[in-house]
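# Just the structure for this:
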Amino acid sequence: MAEAVIDLNADLGEGFGRWSLTDDEALLSVVTSANVACGFHAGDPSTMRRVCALAAERGVRIGAQVSYRDLAGFGRRAMDVPPEELADEIAYQIGALQVFARAAGSRVSYVKPHGALYNRVVHDNEQAEAVVSGVLRSGAICDGPLPLLGLPGSRLLAVAEGVGLPVVTEAFADRAYTWAGTLVPRRDPEAVVHDPEAVIARAVGIARDGTVAALGGEPIAVQARSLCVHGDTPGAAQLAWRVRGALASAGVRVEAFT
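Below you'll find the model as predicted:
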């Protein structure tokens, strides 16, 4: 049997001005990829610069976490953005982060949608095409096309593959899944798995066995090269360390996908 390999990613830089949400420094000691907020749902220039500098110092890959323009709703509200406008906004966010990644001696290595946009492009072909167009527009300043990180079976990854963009499949140890392999909407009280022991067990199951329990308990197949550890929950860094330790004990190698 081939050795199991998984990337650990987390959403970072999700503060704004004097308000902070994620323990960026602690999480950057654990994860191998950092999804950095680019100012549309969270983040600001100084936060972006600081997180890029810390990531570069620790050898963590920098990813652009792009979203709808929704600071008040933390990017989790459904929005109808015209495709051309959305494509431009995606390219804009990637470009902004690339400035700070380059200043830190690194670069933007991939793109991951956030929140409502992430869920929308699972099924919405038009919005998925707009995100892909935005990524392509940023290629001139990003040393070529960037990989897209997303849900297996999503329209986003299908559209990206159709135009030759690299794709990376992602899973979530602390989010509930439907029978169809999609994430349970955040408005559902059971959308987030809060029990640390359950999160750790789910992480190992995803990485080693390619399965996770759907809402209701029955296992479903989830093939993922990257595992998201959410940074906006209490004790996130400590839990991430426990997840990483459990993966190592289970014989899973933790390694960035880029």
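# So residue 128 lies in a helix, does it not?
Yes: assessed with DSSP: H, G, I helix; E, B strand; the rest coil, residue 128 lies in a helix.
# Which residues are in contact with it?
Listed by Cβ atoms under 8 Å, 6 or more residues apart in numbering, the contact set of residue 128 reads 121, 154, 155, 156, 158, 159. All C-beta atoms are positioned from the backbone trio N, CA, C, and that covers glycine.
# thought the first one was touching residue 131?
Read that as residue 121. Yes: here residue 121 reaches residue 131: they are 5.7 Å apart, a contact under Cβ atoms under 8 Å.
# Which neighbours do the two have in common?
Common neighbours of residue 121 and residue 131 (criterion: Cβ under 8 Å, 6+ apart): 113, 156.
# Output the longest helix belonging to this protein.
The longest helix of the chain (DSSP state H) is helix 83-103.
# From the contact counts, what lies against that one?
On a contact count with 3 or more Cβ pairs under 8 Å, 6 or more residues apart in numbering; DSSP states H and E, helix 83-103 meets helix 45-58, strand 61-66, strand 108-113, helix 125-137.
# out of those, nearest to residue 86?
Among the helices and strands packed on helix 83-103, helix 125-137 comes nearest to residue 86, with 4.1 Å by Cβ to Cβ.
# hang on, the earlier thing: who touches the longest helix of the chain?
Contact with helix 83-103 is made by 36, 38-40, 45, 48-49, 52-53, 56, 62, 64, 66-69, 81, 107-108, 111, 126-127, 129-131, 133-135, 137-138, 141-142, 146, as judged by Cβ under 8 Å, 6+ apart.
# pLDDT (mean, whole number) over it?
In this model, helix 83-103 carries a mean pLDDT of 98.
# ranges for the helices of the protein?
Assigned by DSSP H, the helices in the chain fall at 24-27, 45-58, 83-103, 115-123, 125-137, 155-162, 196-204, 236-249.
# can you put the ones you listed in CSV and add distance to residue 178?
Converted to CSV, the helices of the chain look like this (distance: least, Cβ to Cβ, whole Å):
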stretch, distance to residue 178
helix 24-27, 28
helix 45-58, 32
helix 83-103, 25
helix 115-123, 11
helix 125-137, 19
helix 155-162, 16
helix 196-204, 15
helix 236-249, 23
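# so which of the ones you listed comes closest to residue 172?
It is, among the helices of the chain and with distance given as Cβ to Cβ, helix 196-204, at 8.5 Å.
# Can you tell me which helices and strands that closest one packs against?
Contact analysis of helix 196-204 by 3+ Cβ pairs under 8 Å, 6+ apart lists helix 236-249 as its packing neighbours.
# Just confirm residue 248 contacts residue 254, I think it does.
Yes: contact criterion Cβ under 8 Å: residue 248 and residue 254 qualify, at 7.0 Å.
# So which of those two has more stuff around it?
residue 254 (19 against 11; other Cβ atoms under 10 Å).
# if we can go back for a sec, which members of the contacts of helix 83-103 are classed as buried?
Among the contacts of helix 83-103, those scoring as buried are 36, 38-40, 48-49, 52-53, 56, 62, 64, 66-68, 81, 107-108, 111, 127, 129-131, 133-135, 137-138, 142, 146 (criterion: 16 or more other Cβ atoms under 10 Å).
# Residue 77 and residue 68 touch, don't they?
Yes: contact status for residue 77 versus residue 68: in contact at 7.5 Å, counting by Cβ under 8 Å.
# Now do the closest residue in space to residue 105 that isn't next to it in sequence against residue 111, distance only.
Of all residues not flanking residue 105 in the chain, residue 56 sits nearest, at 5.3 Å (Cβ to Cβ, 6 or more residues apart in numbering). For residue 56, the distance to residue 111 equals 18 Å [Cβ to Cβ, to the nearest Å].
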